[in-house]
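Q: Sequence isn't available, so here's the structure alone:
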Ligand SMILES: [Mg+2]
């Protein structure tokens, strides 16, 4: 069984950063504004609080083929690793979006999950807050079970 854990708003509460940064601007229409927003949303990522119960859930699933899969840019890899370690989360593989990858979060995650499925008919559990509601559609199409997370 493959178990996929999102990070933002699934195991890490980034509400404070999201409120400070405001709504995500359209990158294609206004790249400068998007960059400013990205810097704001990433600022203080190390201070996110863990979402209650998720440490226990991830730990309990660590014996399965469990991974972290986040649309965070790979420029946040060391901060993300440090946060996971500081908050006691198990050391699982961590998949992040390349900085040059501008696919939607759902498209990126669909691609990675497909690559991670090693056995035919392997069951897949995706634990994600699915902020935009797009990943739920992907999971439904692919036959993956999605557990909606979030606070
Ligand atoms: Mg999320």
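A: Received, thanks. Keep in mind the model is a prediction, meaning the values are calculated, not measured.

Q: and the nearest residue to residue 124 once chain neighbours are set aside, how many neighbours?
A: Once flanking residues are discounted, residue 124 sits nearest to residue 144: 4.0 Å by CB to CB, 6 or more residues apart in numbering. Backbone N, C-alpha and C define where each C-beta goes, glycine included. Other residues lying near residue 144 total 21 when counted by other CB atoms under 10 Å.

Q: Same question for residue 5.
A: A total of 25 residues lie near residue 5 under the criterion other CB under 10 Å.

Q: Next: residue 6.
A: For residue 6, using other CB under 10 Å, the count is 24.

Q: The one 5 residues further on too?
A: Residue 11: 25 surrounding residues under other CB under 10 Å.

Q: wait, it sits on residue 52?
A: No: counting by CB atoms under 8 Å, residue 11 stays clear of residue 52, with 10.2 Å between them.

Q: Now do the contacts for residue 103.
A: By CB atoms under 8 Å, 6 or more residues apart in numbering, the contact set of residue 103 is 97, 111.

Q: Which parts of the protein are strands?
A: Under the criterion DSSP state E, strands of the chain are mapped to 2-5, 12-13, 49-50, 65-73, 93-97, 124-128, 145-148.

Q: contacts for the fifth one?
A: Right, the one you point to is strand 93-97. 67-74, 76-77, 80-81, 84, 103, 105, 108, 112, 116.

Q: try 10 Å this time
A: The contact list for strand 93-97 (CB atoms under 10 Å, 6 or more residues apart in numbering) reads 4-5, 7, 65-77, 80-81, 84, 103, 105, 108-109, 111-113, 115-116.

Q: for the last one, same thing?
A: Residues outside strand 145-148 that contact it (CB under 10 Å, 6+ apart) are 1, 3-5, 10, 57, 123-130, 133, 135-140.

Q: From these, list the ones also adjacent to the ion.
A: Restricting the contacts of strand 145-148 to those adjacent to the ion (criterion: CB under 5 Å from the ion) gives residue 129.

Q: how about the residues of the protein that lie near the ion?
A: Residues of the chain found near the ion (CB under 5 Å from the ion) are 6, 8, 9, 129.

Q: For residue 34, grab the count of nearby residues.
A: Residues lying near residue 34 (other CB under 10 Å) number 15.

Q: Spatially, which residue comes closest to it, not counting chain neighbours?
A: Nearest to residue 34 is residue 27, by CB to CB, 6+ apart, at 4.1 Å.
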